[in-house]
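Undergrad: Next come a sequence and a model predicted from it.
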Amino acid sequence: MSALVMGLDDWDTTYCREIMEERLLAALQRRVGDQLVRLYLPPISSEDMLPNPATPAVGVPVTPFPRWLRCPMCHTLATVDSGVFQLQQDRYRPERTKFVHTGCTKADNPPALTVRFLLACREGHLTDFPWIEYVHAGVTPCKPARLTMEEQGVSEDASDVWVKCLECGRPRNMGEAFDRDKFGPFHCPGHHPHLRTIDQQECSEEARPILLGASNAWFPLVMSALSIPRATDRLMRLVEERWPDLRDVSSLDVTRYATAPSRMPVFAGFTAEQIWETIQAKRQRDSQPAGSEEEDLKTPEWEVLSRAEPASQTPDLSLRLVDPPMGFEQYFEGTVIVERIREVRALMGFTRIESNGDFAEAEMSDERRQTPLSRQNPTWLPASEVRGEGLFIRLKEEVLTAWEGKPRVRDLECKFHESHRHWRQLRRIESNHEGFPGIRYILLHSLAHALMRQIAMDCGYTAASIRERLYCKKPDNANGPMAGMLIYTAASDSEGTLGGLITLGEPISLGRHLQQALETLRLCASDPLCAEQRPSTDGRGIHAACCHACLFSPETSCERGNRYLDRGTLIATFAERETEFFDLR
């Protein structure tokens with residue numbers, strides 16, 4: 001059965017656990033609104049509820065979608081609400097819940113299958129395929145219409161699927177739905193099925209037929225932040241760590257009771273008066289509007305990671321500074337081994353057909369194409385937390401500035417800027433000349449991908465479990481300059497804490513992996529086609545010499561969807577010279 005996750009209005013937060021991350025919450029409030037007050041993990045049932053079938057259902061609410069089902073035996077095509085199919089639930093095995101065709105003439109209650117054709121548009125609308133109107137194109141539909149769907153081939157291609165009305169005998173091939181020359185554009189009714197609403201204003205976008213489970217059916221818009229210490233003294237830091245338990249403390253007497261050594265032994269060295277004063281100071285600080293330095297989520301992270309001071313150690317962040325990679329001392333500052341790290345990710349919304357996740361920061365995305373998660377302005381958002389390990393690497397600013405000043409590098413930057421402009425213009429994004437990250441970002445991005453692909457062979461993690469977080473700003477930008485990368489584990493389970501990544505941060509080991517990564521990029525398996533690529537001007541992509549054989553990483557590991565990449569910025573190839581940053585001669 002195919003199901004659609006419902007909007008936040010239908011979620012029961014009774015069994016949700018709140019996640020505390022003040023910097024992320026403040027950034028989300030600037031984007032979503034001040035009514036947003038919490039971040040929640042999805043609802044999870046406790047272990048004592050599992051054996052008892054009488055307990056209430058706990059989990060994320062879903063509904064069957066698409067609403068059209070078909071019988072694989074007699075090929076009957078009907079909706080869930082038509083009464084043709086009956087729902088059979090297994091309370092002890094929920095995964096066995098299914099619809100069956102009780103009136104099938106060729107088998108005894110065969111399970112019904114979900115149709116695999118939908119309509120979606122760029123405005124985020126999603127709706128069932130108009131089967132009745134499609135079959136009766138150009139004529140008045142039969143009332144009632146009895147439909148069948150039959151696949152006459154083994155390739156499961158759309159051209160092998162035929163839909164037929166039994167009342168009038170009119171058939172239609174599904175291959176025509178994807179051919180605009182044979183069938184005109186579909187009208188978008190403006191449905192938001194996860195919200196049970198229809199937009200009051202008529203949608204002007206063309207609805208496109210898509211397949212169930214297509215990769216362009218849902219693009220999440222996620223904002224994330226690392227847990228870094230904001231307090232300077234130990235008591236304030238302890239209060240921040242236990243703020244979910246101290247947030248509702250209303251007086252000194254309540255503080256004395258809640259922070260007693262038997263309940264919170266971490267406060268044993270402080271008096272109740274000191275703790276109460278710190279709670280009040282934190283409330284006063286949180287009530288003040290965030291300054292300009294807090295508008296960028298990455299700037300405070302850059303400051304903490306680049307300093308790597310022992311005072312920055314917390315249960316969620318542990319840093320250790322070591323020497324630069326051996327053999328690359330002229331290019332890199334000292335490496336920071338991040339032994340413990342915590343990242344919180346919150347889902348703000350999503351898009352369909354086209355992704356909005358190609359901006360420098362999530363708060364820069366186009367709100368017009370963002371589909372909301374709830375009918376009203378949300379007071380909470382779903383979030384997740386990742387705990388793991390990582391490596392923080394910084395490039396030397398003077399070496400990077402000298403490289404950026406080379407004529408061939410400046411020429412390459414202009415070509416990437418032009419490709420960036422055409423890419424945004426094709427997607428009708430306003431101010432298509434804005435948002436270009438610059439050539440130093442392309443260098444950092446390419447280096448991060450090369451290093452992730454190389455260390456994945458030796459660190460014990462899968463390639464999809466390693467993620468990048470880039471810190472890039474020019475000297476003339478606010479809070480600049482920045483030129484560094486954090487490569488860390490992106491798995492939310494125990495795989496993120498195996499310790500295999502931080503062992504590669506030692507100077508000898510990291511230098512060896514950098515050397516191997518750069519040598520591998522000299523020649524790609526797709527050369528000469530890969531090396532001869534230049535930033536395109538047709539708006540289809542924003543990259544140069546890179547492909548799946550040399551630089552591309554899993555989509556979940558990349559900040560920019562495998563865009564703004566060029567191995568020619570790292571190492572000299574046979575098709576491009578004088579733009580490389582590293583000289584390995």
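TA: Thanks, I have the structure now.
Undergrad: When you work out contacts or count neighbours from here on, use the C-alpha atoms and nothing else.
TA: OK.
Undergrad: Which neighbouring elements make contact with the helix or strand where R345 lies?
TA: Per DSSP states H and E: R345 is located in strand 335-351. If you count contacts as 3 or more Cα pairs under 8 Å, 6 or more residues apart in numbering; DSSP states H and E, strand 335-351 packs onto helix 22-32, strand 219-226, strand 318-322, strand 380-394.
Undergrad: try 7 Å this time
TA: When contacts are defined as 3 or more Cα pairs under 7 Å, 6 or more residues apart in numbering; DSSP states H and E, strand 335-351 packs onto strand 219-226, strand 318-322, strand 380-394.
Undergrad: just the angle between that strand and strand 318-322, please?
TA: 130 degrees (axes from the mean of the first three to the mean of the last three Cα atoms, to 10 degrees).
Undergrad: so is the residue located most distally from the centre of the chain in a helix, a strand, or just coil?
TA: Computed with Cα atoms, centre = their mean, the residue of the chain farthest from its C-alpha average is C168, at 47.4 Å. Classification of C168 using DSSP: H, G, I helix; E, B strand; the rest coil returns coil.
Undergrad: how much space between it and A137?
TA: Here the distance between C168 and A137 works out to 13 Å (Cα to Cα, to the nearest Å).
Undergrad: again with L373
TA: The value you get for L373 to A137, if Cα to Cα is used, is 35 Å.
Undergrad: Between those two, which is the more surrounded one?
TA: Using other Cα atoms under 10 Å, the more surrounded residue of L373 and A137 is L373, with 21 against 13.
Undergrad: the helices in the stretch 1-150 of the chain, which residues?
TA: All helices of the stretch 1-150 of the chain, identified by DSSP state H, counting those that start in this stretch, fall at 22-32, 131-135.
Undergrad: Let me see the domain layout of this protein.
TA: According to automatic domain parsing, the chain comprises the domains 3-218, 220-288, 387-569.
Undergrad: E206: neighbouring residues, count only.
TA: 16.
Undergrad: Tell me which residues touch it, please.
TA: Applying Cα atoms under 7 Å, 6 or more residues apart in numbering to E206 gives the contacts 121, 185-188.
Undergrad: Which per-residue confidence value corresponds to it?
TA: For E206, the pLDDT comes out at 88.
Undergrad: and it, bridged to which residues?
TA: When assigned by DSSP bridges, E206 has beta-bridge partners H187.
Undergrad: how far away is it from R375?
TA: 23 Å.
Undergrad: With Y488 instead?
TA: Taking Cα to Cα as the measure, Y488 falls 36 Å from R375.
Undergrad: if you count what's nearby, which of the two comes out ahead?
TA: With neighbours defined as other Cα under 10 Å, Y488 and R375 compare such that Y488 has more, 26 against 14.
Undergrad: unless I'm mixing things up, that one is touching R467, no?
TA: Yes. With contact defined as Cα atoms under 7 Å, Y488 reaches R467; the gap is 5.5 Å.
Undergrad: what about the nearest residue to A525 once chain neighbours are set aside, is that helix, strand or coil?
TA: Spatial nearest neighbour of A525, excluding adjacent residues (Cα to Cα, 6 or more residues apart in numbering): A549 at 6.2 Å. Under three-state DSSP, A549 falls in the coil class.
Undergrad: Show the backbone phi and psi for R408.
TA: Note on R408: backbone dihedrals following degrees, to the nearest 10 are phi -70, psi -30.
Undergrad: For it, which non-adjacent residue is closest in space?
TA: Once flanking residues are discounted, R408 sits nearest to T579: 6.0 Å by Cα to Cα, 6+ apart.
Undergrad: what about the one you found, how many neighbours?
TA: The number of residues packed near T579 is 22, by other Cα under 10 Å.
Undergrad: So what does it have for phi and psi?
TA: With angles defined as degrees, to the nearest 10, T579 sits at phi -110, psi 0.
Undergrad: Let me see the contact set for it.
TA: Counting by Cα under 7 Å, 6+ apart, T579 makes contact with 408-409, 568-569.
Undergrad: what's the farthest-apart pair in the residues you listed?
TA: R408 and G568 (11.2 Å; Cα to Cα).
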